[in-house]
Structure formats: structure tokens, C-alpha cells
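> dropping a prediction and its sequence here:
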Amino acid sequence: MRFDQYFEPATVEECCGILKEYGSDAKILAGGTDIVPRLKNKIWRPKAVVGISKLPDIDTIAVSKDGLVLGAAASLRKISLDQSLEKNYKVIMEAAGHVSSMQIRNIATIGGNACNASPSADAIQGLIAMEAKAVIAGPDGNREVAIEDFFTGPGTTVLKEGEFLLKFIVPAPKAGTGAAYKKFAIRGDTDISIVGSACRLILKKDGTVEDARISLAAVAPKPIRAAEAEKLLIGKKLTEELIDEAAEAAAKHCSPISDQRATAEYRKQMVRVWTRHAVKEAAERAEQAE
Ligand SMILES: Cc1cc2nc3c(=O)[nH]c(=O)nc-3n(C[C@H](O)[C@H](O)[C@H](O)COP(=O)(O)OP(=O)(O)OC[C@H]3O[C@@H](n4cnc5c(N)ncnc54)[C@H](O)[C@@H]3O)c2cc1C
């Protein structure tokens, strides 16, 4: 591993200053599960590595009546086990808990999962389902971006030079909300997803779908919403046939590639199967919600 400087800024301003000074020659280090192998294998040769663990509140997990704040360096294991999330943010726990093994989750962070921008990233799927916003710190202050707009392609994000991801804010869910994330991989969670599907439903008291969000992992160059499937559900009461139709629409409108894990055709079939499971579980949770 070769780099000239290692920094551990104590303030957001200091961090942005270092990032601005070094520009594309600087890399942030959070848990290191993605970046360290690249440094070791000399795929990346930054001049400066910037550790963010000393920044104030960077690993916070804070629930209030307005919603949830997750610091960018909150570890996936802490998120997956934090009982304060169980009632309203279970899908965020669930998605974080599906990332690899306990050893990886112990050090990997939610911000790293987003900034690595892998199309198959699991943890951010819970955030997309729950309408999270990414708060980005930069030399001119903070800005907010809807999490699904944070990604620009495989491995790329909207972050500009001098900026880093500070935290996520997730609005408190409306009454009648239920959400679930389903990961499909051959060797379980230790394996990278062939397909991931997250669904969040808001059900009215009479069972009509007030709002639906479905997002998919590993079937496009970046995480995507299944807009056609969502539209089919909104304003209707859920039936087996309607859920099938929505799952079919999600499969039809995604654009997976064939790789060593699965063919594009198989991935589409799995989108249909796992979106169905995600919608059904989201509906069950919504029915039980207050
Ligand atoms: C064996 C193994 C198995 C894995 N399995 C899975 C899996 O099943 N599912 C899955 O989703 N992922 C998986 N991953 C990938 C990885 O663990 C996750 O993406 C993890 O969440 C990354 O977090 P980190 O804190 O380790 O990031 P780091 O490695 O520290 O950083 C990742 C990238 O994001 C940048 N970065 C980090 N934090 C910030 C920030 N706050 N602001 C700006 N840039 C930042 C870094 O510069 C780097 O480019 C696996 C990795 C390994 C090694």
C-alpha cells in the first residue's frame, strides 16, 4: 500500500480542506473493506488517504420523532442490530444485515456502501426504500441529494472534488408503512447479490396502496427504482394477481448484464421472484404497522 500522506481530520471543515487541496489524489477511508484491497493491489494510488473516524457524530445512529439520522461511518453491524430501528426502520437494519459476513459488517460502513457505488450494494437498498437523503459536506457547506440520485454509474457518484458523504437523513414513516429487502445470492449473505429487491408500501386503512417504492440491486449499472411496478400498485388493493403483475413489470423494465454470477435472463426471472417476496412481506408489515 503506497500513499504519501494519511490524515485524520477532527472537523468537517478540515476534512473538506484536505479533500479540496488534494482533489482526485485524495481518497476517503471509512471501514476500508472496499478501499484497502484496491490500495494493496495498487489499483488506486492516491497521494492522500483521509480517515474519517475522528469526525464528530460520524457514526451516529439517532432516532427522533422527525426521523432517523445515520452518520456515514455508522457500521453495518451496529445498524443491523440497533433495536431503536426495529419499529420504523426495520428494512434499513435488514439491508445492512445482508452485507456479507459479521466480520465485514463489523468494520464496513453505510457511507462506504453508498460511496463505493456498486450496483449490487445491499445496505443502501433499505435507504432507497425509506426515501433517505444523503447529506454531502463540501467547501461551500452541506447539500442534500435523494439517495437514488446519488449514483451516476458503476463506482461513480455525484460527489465532487472537496466533498464527502456526511450522513443520511430518513423521514419518519407515515402510518401504515411496511418495508422489506430481499437478497438473492447463491452462497447466502457472504456472496454478492445476483438480485436484490426492496419494497416499501404505505397502505390506507381500507388496504388501498397509498404509495409504493420498489428498488432493485444488481440489475442495472446503478441501483434503480422499478417505476412501472410502483405505478401498477398505487391506488389499488393488493391481490396475488396485482403483485404478480408488478413483479413482472419490475423484471421487464430492468437491464441486467450476464456475468460469472448469473445470465441476464436468469436475473430478470429472479427480479420477478424476489420482488414478489419483497412486496408481500412489505404488505404484511404494513398491515401490522400502527
Ligand atoms: C469479502 C467482502 C464481501 C463483501 N460483500 C458485500 C455484500 O454482500 N454486499 C455489499 O453491499 N457489499 C459487500 N462488500 C463491499 C463492502 O463491504 C461494502 O461496500 C462496505 O459497505 C463498504 O464500506 P467501507 O466502510 O468498508 O468503505 P471503504 O472501503 O472505506 O470505502 C469505500 C469507498 O467509498 C469511499 N468512501 C467511504 N466513505 C466515504 C464518505 N463518507 N464520503 C465519501 N467517500 C467515502 C472510499 O473512498 C472508497 O472509495 C464486500 C466486501 C468484501 C471485502
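Thanks, I have the structure now. Residues are numbered from 1 along each chain as shown.
> how about the lengthiest helix in the chain, which residues are buried there?
Looking across the chain with DSSP state H, the single longest helix is helix 264-288. By 16 or more other CB atoms under 10 Å, the buried positions in helix 264-288 come out as 267-268, 270-272, 274-283, 285-286. Where C-beta positions appear, they are placed from N, C-alpha and C, glycine not excepted.
> residues in contact with the residue of the stretch 51-200 of the chain found nearest the ligand?
Going by CB to the nearest ligand atom, the ligand is nearest to Gly112 of the stretch 51-200 of the chain, at 2.2 Å. The contact partners of Gly112, taken as CB atoms under 8 Å, 6 or more residues apart in numbering, are 30-31, 33-35, 72-73.
> in a helix, it, correct?
Yes: assessed with DSSP: H, G, I helix; E, B strand; the rest coil, Gly112 lies in a helix.
> how about the residues of the protein by the ligand?
Proximity of the chain to the ligand (CB under 6 Å from any ligand atom) is limited to residues 27-35, 52, 72, 76, 99-100, 104, 108-109, 111-113, 115-116, 121-123, 159, 164-165, 192.
> any idea how far the closest residue in space to Ala26 that isn't next to it in sequence is from Leu233?
Counting by CB to CB, 6 or more residues apart in numbering, Ala26 lies nearest to Ala48, which is 4.3 Å off, once chain neighbours are set aside. Ala48 is 47 Å from Leu233, where distance means CB to CB, to the nearest Å.
> so for the two, which sits in the more crowded spot?
Counted by other CB atoms under 10 Å, Ala48 and Leu233 do not tie: Leu233 has more neighbours, with 25 against 18.
> doesn't Leu201 make contact with the more buried one?
Yes: at 7.3 Å, Leu233 counts as touching Leu201 under the criterion of CB atoms under 8 Å.
> could you pull out the strands for the stretch 1-150 of the chain?
Assigned by DSSP state E, counting those that start in this stretch, the strands in the stretch 1-150 of the chain fall at 5-7, 26-29, 48-51, 61-64, 67-71, 133-138, 141-146.
> just to revisit the earlier point, find residues that contact each of Leu233 and Leu201.
209, 212, 279.
> return the member of these nearest to Pro139.
Ala212 (38.5 Å; CB to CB).
> who does the helix or strand in which that closest one is found pair up with?
Element membership for Ala212, per DSSP states H and E: strand 209-217. Applying DSSP bridges, strand 209-217 is found paired with strand 195-203 (antiparallel), strand 224-225 (antiparallel).
> what is the rounded mean pLDDT of the first one?
Averaging the model's pLDDT scores along strand 195-203 yields 98.
> all numbers from here: first residue = 21
Right, with 21 as the first residue, what we last looked at is strand 215-223.
> any chance you could map the helices in the stretch 71-220 of the chain?
96-101, 110-117, 122-127, 130-135, 143-149 (DSSP state H, counting those that start in this stretch).
> out of those, deepest packed?
Across those, the average number of neighbours (mean count of other CB atoms under 10 Å) peaks for helix 143-149, which reaches a mean of 30.
> which residues touch that one?
So helix 143-149 is contacted by 90, 96, 99, 109, 111-116, 118-119, 130, 133-134, 167-168, 188, 190, 199, 201, 216-220, 233, 235, 237, 243, 245 (CB under 8 Å, 6+ apart).
> one step back: bridged to the residue nearest to Ala46, which residues?
When bridges are called by DSSP bridges, Ala68 pairs up with Gln25, Ala46.
> between the contacts of Gly132, which sits nearest Gly158?
The nearest one, if we look at those relative to Gly158 and count by CB to CB, is Ala92, at 13.6 Å.
> since we're on the closest one, how many residues are nearby?
Other residues close to Ala92 by other CB under 10 Å number 28.
> wait, it sits on Leu179?
No: Ala92 is beyond contact range of Leu179, at 11.2 Å (criterion: CB under 8 Å).
> need the residues touching each of these two.
135, 185.
> give me the below-cutoff pLDDT ranges for the protein.
Residue ranges of the chain with pLDDT under 70: 21, 310.
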